[in-house]
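Student: Fold the following and give me the result.
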Amino acid sequence: MSTEDKSGNYGWFTKTKVAGAVVGAGAAIVAPYAVLSGLGFSAKGVAAGSIAAGIQAGVGNVAAGSAFAAAQSVGVAGFSAATTVCTTAICAATGAVTGSAVEKFTKKS
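Tutor: Numbering: from 1, shown residues only. I've put the predicted structure just below:
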């Protein structure tokens, strides 16, 4: 027996909440790499002429454990599986909550 209502929703799993979760999860996977790539952190290291290269020129020797070193590491090797899974789960939950808020404030009386 289906619990689908007339709007095509299934209890807590409304279309808006699921869409928010999907968008949040997708953003968690794509956005960090897009931002780092845009700044100039690539698989081959810091790209010449990029923002990252300008920062590195100003910093000089990059200290181990610094934010710049972490960005270089992610640019070259990517995030660990655990970091990716946790970030995706958090962003999916945030997307679902956002979808719930949108649903609440756009619901017609």
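Student: what about the strands in the chain?
Tutor: Under the criterion DSSP state E, strands of the chain are mapped to 41-42, 45-46.
Student: what's next to the last one, contact-wise?
Tutor: With contact meaning CB atoms under 8 Å, 6 or more residues apart in numbering, strand 45-46 is reached by Gly40, Ala52, Ala53, Gln56, Gln72, Gly75, Val76. C-beta coordinates here come from the backbone N, C-alpha and C atoms, glycine included.
Student: Skipping adjacent residues, who's closest to the spatially most central residue of the chain in space?
Tutor: Residue closest to the average C-alpha location in the chain (CA atoms, centre = their mean): Ala28, at 1.9 Å. Of all residues beyond its chain neighbours, the one nearest Ala28 is Cys91 (3.5 Å), with distances taken as CB to CB, 6 or more residues apart in numbering.
Student: Would you mind measuring from the one you found to Ala57?
Tutor: Cys91 sits 33 Å away from Ala57, going by CB to CB, to the nearest Å.
Student: Please apply the same query to Ala47.
Tutor: Taking CB to CB, one finds Ala47 at 13 Å from Ala57.
Student: neighbour count winner among the two?
Tutor: Using other CB atoms under 10 Å, the more surrounded residue of Ala47 and Ala57 is Ala47, with 15 against 9.
Student: Just read off the phi/psi values of that one.
Tutor: Note on Ala47: its backbone torsions stand at phi -70, psi 140 [degrees, to the nearest 10].
Student: On the pLDDT front, check it for me.
Tutor: Note for Ala47: predicted pLDDT of 90.
Student: ok, and the closest non-adjacent residue to it?
Tutor: Ala47's closest residue in space is Gly40 (CB to CB, 6+ apart), at 4.1 Å.
Student: Thank you, goodbye.
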